[in-house]
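Coordinates for the following, if possible.
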Amino acid sequence: MSDEDLGAIVAYARALPPSDSVVPASHAGPVIRALQAIGQVNVYPAAEIDHARAHPARVVAEPTARYGAYLAPMCTGCHGPGFGGGPMPGAPPDWKPGANLTPTGIGHYRTADFVRALREGVRPDGSRIDPQMPVARITRHLDDVELQALHAYLRTLPPRPYGSR
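A predicted model of the protein is given here:
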């Protein structure tokens with residue numbers, strides 16, 4: 001994350017009114033602990049952050065694959081670090097698997113198709129994307145530059161088989 005983006009998040013959080021809510025203690029039950037033990041869920045993902053890794057002071061928003069690469073990590077939770085899609089480790093069994101976002105999966109999407117899919121939840125063939133995809137909550141709020149950049153980046157990925165996450 002760039003220094004500028006992190007600064008904007010901190011400024012926003014500081015501008016919010018204080019809350020009287022008491023945050024309940026968290027704990028991992030036996031199922032989560034078992035999934036952690038077999039490597040299916042990471043209960044401590046913050047421990048994986050490389051705090052010494054260089055990060056940009058500012059990222060320029062432009063419709064390029066470079067900017068798309070900056071935005072794309074928001075997609076990895078469902079579509080996997082390699083964007084090959086498939087079942088999500090640790091997700092409830094009724095969750096639909098993530099789609100393959102590499103050229104193997106959505107390589108035929110034109111930019112206009114991709115924008116429509118993420119804004120309206122409609123594939124190029126007219127079928128609806130499952131409501132589990134966060135179109136209503138997240139992707140429909142992305143601006144044209146962000147959507148064009150994501151599409152440009154996804155088109156640079158090597159083709160991967162479905163389910164390769």
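
Can you tell me the element the residue lying farthest from the centre of the chain falls in?
Within the chain, residue 20 marks the point farthest from the mean C-alpha position, 30.9 Å out by Cα atoms, centre = their mean. Residue 20 is part of no helix or strand, with elements assigned from DSSP states H and E.

which stretches of this protein form helices?
Taking DSSP state H, the helices of the chain run over residues 3-15, 30-37, 65-71, 76-79, 103-106, 111-120, 144-156.

Can you tell me which of those is nearest to residue 56?
Residue 56 lies closest to helix 3-15 among these, at 7.3 Å (Cβ to Cβ). No exception for glycine: its C-beta is placed from N, CA and C like everyone else's.

and the closest one, how far out from the chain's middle?
20 Å (Cα atoms, centre = their mean, to the nearest Å).

Just the CA atoms of it, as CSV, please.
Written as CSV, here are the backbone C-alpha positions of helix 3-15 (Å, rounded to 0.1, in the frame of the first residue of the first chain):
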residue,chain,number,x,y,z
ASP,A,3,2.1,5.9,1.9
GLU,A,4,-0.5,8.3,0.4
ASP,A,5,-3.3,5.6,0.5
LEU,A,6,-2.4,4.5,4.0
GLY,A,7,-2.4,8.2,5.1
ALA,A,8,-5.9,8.7,3.6
ILE,A,9,-7.2,5.6,5.5
VAL,A,10,-5.7,6.9,8.8
ALA,A,11,-7.1,10.4,8.3
TYR,A,12,-10.6,8.9,7.6
ALA,A,13,-10.4,6.7,10.7
ARG,A,14,-9.4,9.6,12.8
ALA,A,15,-12.3,11.7,11.5
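
Other residues contacting it?
55-59 (Cβ atoms under 8 Å, 6 or more residues apart in numbering).

And stretch 119-130, by the same measure?
96, 108-110, 113, 116-117, 131, 133, 135-136, 139-140, 142, 147.

ok, of the helices of the chain, where does mean pLDDT dip lowest?
Of all the helices of the chain, the minimum mean pLDDT falls on helix 30-37 (a mean of 88).

For that one, give me every contacting residue.
By Cβ under 8 Å, 6+ apart, helix 30-37 touches 28, 41-43, 89-90.

Buried only: go through these for me.
residue 41 (16 or more other Cβ atoms under 10 Å).

Which members of the contacts of helix 30-37 are the farthest-apart pair?
28 and 89 (15.2 Å).

Residue 9 versus residue 69, what's the distance?
With distances taken as Cβ to Cβ, to the nearest Å, residue 69 is found 20 Å from residue 9.

Brilliant, that's me finished.
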